[in-house]
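Asks: The following block contains a protein sequence and its predicted model.
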Protein chains: 4
Amino acid sequence: MAKIRASIIGGSGYTGGDLLRLLLIHPEVEVKSVSSERNKGMPVTKVHPNLRAITQLEFVEAAKIDTDVDVMFLCTPHGAAVKLVEQYMEKGMKIIDLSADFRLHDAKDYDRWYGHAHSRPELLEKFVYGMPELHREEIKKASYVASPGCLSTSAILALAPAVAAGLVDLDRIVVDSKIGSSAGGASGNPSTHHPERAGSVRAYKPTGHRHSAEVEQELGELAGGKKVTVSLSPHAIELVRGIFTTAHCFLLKQGLKDVDLWKTYRKFYKDSPFVRLVKEKQGIHRYPEPKLVMGTNFCDVGFELDSNAPRLVLMSAIDNLVKGSGGQAIQSMNLMFGLDEKTGLWFPGMHPV
Amino acid sequence: MAKIRASIIGGSGYTGGDLLRLLLIHPEVEVKSVSSERNKGMPVTKVHPNLRAITQLEFVEAAKIDTDVDVMFLCTPHGAAVKLVEQYMEKGMKIIDLSADFRLHDAKDYDRWYGHAHSRPELLEKFVYGMPELHREEIKKASYVASPGCLSTSAILALAPAVAAGLVDLDRIVVDSKIGSSAGGASGNPSTHHPERAGSVRAYKPTGHRHSAEVEQELGELAGGKKVTVSLSPHAIELVRGIFTTAHCFLLKQGLKDVDLWKTYRKFYKDSPFVRLVKEKQGIHRYPEPKLVMGTNFCDVGFELDSNAPRLVLMSAIDNLVKGSGGQAIQSMNLMFGLDEKTGLWFPGMHPV
Amino acid sequence: MAKIRASIIGGSGYTGGDLLRLLLIHPEVEVKSVSSERNKGMPVTKVHPNLRAITQLEFVEAAKIDTDVDVMFLCTPHGAAVKLVEQYMEKGMKIIDLSADFRLHDAKDYDRWYGHAHSRPELLEKFVYGMPELHREEIKKASYVASPGCLSTSAILALAPAVAAGLVDLDRIVVDSKIGSSAGGASGNPSTHHPERAGSVRAYKPTGHRHSAEVEQELGELAGGKKVTVSLSPHAIELVRGIFTTAHCFLLKQGLKDVDLWKTYRKFYKDSPFVRLVKEKQGIHRYPEPKLVMGTNFCDVGFELDSNAPRLVLMSAIDNLVKGSGGQAIQSMNLMFGLDEKTGLWFPGMHPV
Amino acid sequence: MAKIRASIIGGSGYTGGDLLRLLLIHPEVEVKSVSSERNKGMPVTKVHPNLRAITQLEFVEAAKIDTDVDVMFLCTPHGAAVKLVEQYMEKGMKIIDLSADFRLHDAKDYDRWYGHAHSRPELLEKFVYGMPELHREEIKKASYVASPGCLSTSAILALAPAVAAGLVDLDRIVVDSKIGSSAGGASGNPSTHHPERAGSVRAYKPTGHRHSAEVEQELGELAGGKKVTVSLSPHAIELVRGIFTTAHCFLLKQGLKDVDLWKTYRKFYKDSPFVRLVKEKQGIHRYPEPKLVMGTNFCDVGFELDSNAPRLVLMSAIDNLVKGSGGQAIQSMNLMFGLDEKTGLWFPGMHPV
């Protein structure tokens, strides 16, 4: 089979950079071009020095991106993709957008969570929400995929089986996430200055985080259309890559046992190779940990029932730049092109790290 | 005034060591002796090298501790203090126990949370729960104080005003804490080996943590005796000293505004110099952060109302070894001996750090 | 005695901020005013949130600084102090400059190391190099003190006794320093963005670092005026506060023993309370460590003889913002005003931290 | 071609674990069995949780290791391999020993650096020192390879071209290394307890480190048999994986220019794909950095000439568990079996990380 030809719009940020890292080691992909307005003409390795000796690519401006490709990845800031997609749609290529521009199906949610109307609401229905664990069959048939947010991914994968099974109170779902600094992007600001950020535990958006919208949308679908309210509070901690999400739920009925949850989770994820259930009786690594999935596309999921309260604690760990970003996008790409979804992504993380 | 003469039982651990650090700079205290069975005869500075040039003390075995003192601090493991206190009570000194042995008023709670009956339940009523912000007047009159746990301190101080004011659903209080490695004590185990522990985010006890008992006891008193259920989940993160607690509560009534919470919290803590309310409109340091209180006795408290859900997010930051341990014990000591509670503890943390 | 009245020019950076922290807990000092052009009118605690509840000071612009003081501290960027000092000299106050503007005695060294001529070379001789361990008596009599650089302090204190005793080859002194991010100041740049800086080991100036000039000047004096060549290479490592310096020297003669070095170092520092010799036979903390002096004015110094080569390894650990900056400035101030040099600075660091 | 069948003796430590990670993703290798006395019968993933879903292997005891293999990897503690190798030699398989047992050619060096005589000195000559950059052709023909130490690798690769070209004083080579905690192995001790080790900068062996012997041996060969004295001082810093080595050398002649060094280094490493020369004029990543090679087999090398002294600063960065251990062993294996040495190892690191 000929390789999948791919270009990347917006390749100088962390999202584009890690997508590029993964595409360069994908056995079925050829990266044709990568854009960056600021760095055009410069070797990609000036911005992503990890790729030294691996690639000779140079950044081009977006207007000169190679569009004779099978798939275009958009790694642009929020609000930029919506202005770009139609020109690529016209050329017949598939599109995978890693920004938030097409993740929400209801244009009103953009008003509410992003503070302004969506400029092309009629395009929203053309995009599939690119989470294979929830929408595998749709993605296989999709031309356009909106790849999920990183916090959303960690929250949805922890919660989906429990919500789909009707186990928990949909009005009182607390999602307390711990997240690394790379999720804030490649541009610094006073809060990311190392002496300020190092060793910090900072509730940077204890209420009102935009990713809540995606989580409520997807869990609402799983709940058969019922309204789901998610209280999401992300915390910046000392970590570069990784998200650990603790979802605290209140059970609707008594008597739930570990074995029931095992069954529910195993069944839900039986066809999802990148979700690993982690719940051991003893040892250091009883629950998911972001360290163990760093650099990989795995999402480790665990749970614990509270004997003191009708509470279920769900946990997940991902690498925000892989399963929470470029890795998940490639997983969708694999499906869109008829490949095994593991292709190019089936490698382990490190231990220790 | 003559200085307060103090001895410490169990001075080689992190709790005893940091208590000693603080007592050595307290202007009204003279440390008479410090015990350690394992290190008897050794200079204190072999175990606590930060104290080099500051003290010439040597460890003695507990049996040789100087009991001609005004106050005895017990920094022993759980279950040890209960065997020791009576011999000191007989000598008329005041006692401050930093272990869990006398924190719970109801002996049955020891069965439930610690897994065995309390061996001397009749002593429980002799101890005051040593949190000045809740029990200042009792502590002033107390001879025996049970100094609170570190997680408990962070949870209670975040929640107390809201619970006392009847604002939140007492059945659904989620306490999600992020905690440094020093809270696990000075003895290593496989999970604290640096390559395993560094950079980790680990839910080491997502349900059933013993400190829940203290939190439920104290909040229950503030709630006028109502049953309070606290769902406490501590997470080990990359940090040595410090606890950040996020308490997610569900509001009982609509319409609560920031200004109401400000009033509630200001009033509750108006006589409590070590609680600082931190909630800024902008900037890096809008909410509490453990870094900023490291080494100090401050507990910074903040809050945020959720406009998407009837949720109130409460936050607190302490140094687990100071306000969560030796500092709070000295704060109680100050009150027990008629000193200003700030004495010897009124110094700021560092920035940056 | 009336308190020493002090003002600070340039109080919004890390140097000024930590100086302020230390002055606020100094029992014999009253801070009259602190300047910041950018933050004038704002509470000091907006910039230094660690000082919440400790001070109500607000920043003033430099032109409005309170000059009715006994001492003015200058914490301005390189090149700014030289323009400011004369107006303060005229008012008769003492001046302690924490910048590099007056540290070098020979104006030509500014040409060479700073790349431009010193604008007021005639002022250089009015300043004493403010390192009490080398110039205690001069500082006592000084009106104007140039407080040393942080790397210089760590290098000089490690090397001084060995150089003064004529033990080492003055042409081949390698100073390999490991330094925290706070030394780069409060303003961020791409290299201090947390995802880039965290976990890094970066040789940011392997040759040609400006602090070399101070080290060569001071060691040259100790060597009786001989030329000393120092090869200084600082490395940014994962640390916020702290410098660890390893000085590798080549011995001039054979047969030197540990006991000789002990004697040499003990004698040299016998009147210097803030230098602690650290060299233990076993245990974790055999050599100096920056963690143990964090927040304090101590400089821990150690050494090791190499049996495989005629090499002497000297080590030192300081907090760059205390002994390497504001703490050392206060130590000088204490001497200038006839106080015990330990006043306000005699407290231990933390362990663990 | 049939896959290379491999077994690992000693697979529960960090060296064995990371070797296993790399072998499992190697397209031409089949891992037949992995031994661990302590964990026999347990799934490999209990000890190496990063490998969950990747392998179903279980540990066997060494006596039951599958010896019907093409290559045996030994990841045993120092002193153990020497007792094991002959039984494997008899079966005709190739052997790659990752311990120190066969790295030194001269048995007397074991006396001197390891403190006891080598028990089977006659075997030493059967082993090739497994650094492909120095011994590529020998390794291709070798049956037995002694894979280098991690510090040695970083020091030798930084220094080799300069030493081979006769540029530097062979009596005064200072090697100041900064190293992560994983190099100390999987077994904890008080110095690796997280609260002690985190944030530390610790000179744990400022003189007399055993890896000096390998460095002196290899550099001595490159210097045409001249005696080379290396003064190696490793420092434990806040890092899990990675070594940064700064080698300070004194030049033998004046006038050396950057371009000369570029030529020298480029030529030396022209056939060595894993050595990347890193020396940029500007930007964050001008010199090698361990972060950028984490998880990979790259060794990044850089240099800087000192204009203030006749000094050459050489720098290198590796992952101690890959190029410093299992990765380099696989690189040798590739050569021993006629594969491209990049096979299975040609993937980039992460950025940011």
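Replies: Received it, and whenever you're ready, just let me know what you need.
Asks: what's the residue in the stretch 151-300 of chain A that chain D sits nearest to in contact with, if anything?
Replies: Residue nearest to chain D within the stretch 151-300 of chain A: A:His285 (4.2 Å; Cβ to the nearest Cβ). For every residue, glycine as well, the C-beta is placed using N, CA and C. Residues in contact with A:His285 (Cβ atoms under 8 Å, 6 or more residues apart in numbering or on different chains) are A:278, A:292, D:49.
Asks: Ok, A:Lys140 next?
Replies: Counting by Cβ under 8 Å, 6+ apart, A:Lys140 makes contact with A:335-336, A:338.
Asks: Then it would be within a strand, right?
Replies: No. Looking at A:Lys140 with DSSP: H, G, I helix; E, B strand; the rest coil, it is helix, so not inside a strand.
Asks: still on that earlier bit, now flag whichever of the contacts of A:Lys140 is closest to B:Arg120.
Replies: Set against B:Arg120, the nearest of the contacts of A:Lys140 by Cβ to Cβ is A:Leu335 (65.2 Å).
Asks: What ranges does the stretch 251-353 of chain A have for its helices?
Replies: Remark: helices assigned in the stretch 251-353 of chain A by DSSP state H, counting those that start in this stretch are A:258-268, A:290-293, A:327-336.
Asks: Which neighbouring elements make contact with the longest one?
Replies: This means helix A:258-268. Where contact means 3 or more Cβ pairs under 8 Å, 6 or more residues apart in numbering or on different chains; DSSP states H and E, helix A:258-268 is packed against helix A:150-164, strand A:275-277, strand A:299-305.
Asks: how does chain A divide into domains?
Replies: As given by automatic domain parsing, the domain ranges for chain A are A:4-148+A:323-336, A:151-320.
Asks: So is stretch A:186-206 next to chain B?
Replies: Yes. Counting by Cβ under 8 Å from any Cβ of the partner chain, contacts between stretch A:186-206 and chain B involve A:190-191, A:195-196, A:199-203, A:206.
Asks: That stretch - what's its average pLDDT?
Replies: Here stretch A:186-206 scores 96 as its mean pLDDT.
Asks: With stretch A:224-236 instead?
Replies: Predicted confidence along stretch A:224-236 averages 97 (mean pLDDT).
Asks: how far does that stretch sit from the chain's center?
Replies: From the chain centre to the centre of stretch A:224-236 is a distance of 16 Å (Cα atoms, centre = their mean, to the nearest Å).
Asks: Stretch A:277-292 too?
Replies: Distance, stretch centre to chain centre, for stretch A:277-292: 21 Å (Cα atoms, centre = their mean).
Asks: returning to that earlier point: what distance do you get for the residue of the stretch 151-300 of chain A closest to chain D to D:Thr55?
Replies: Per Cβ to Cβ, to the nearest Å, A:His285 is found 16 Å from D:Thr55.
Asks: What of A:His118?
Replies: For A:His118, the distance to D:Thr55 equals 46 Å [Cβ to Cβ].
Asks: Could you single out the most deeply buried of the helices of the stretch 251-353 of chain A?
Replies: Highest mean neighbour count among the helices of the stretch 251-353 of chain A (mean count of other Cβ atoms under 10 Å in any protein chain shown): helix A:290-293, with a mean of 29.
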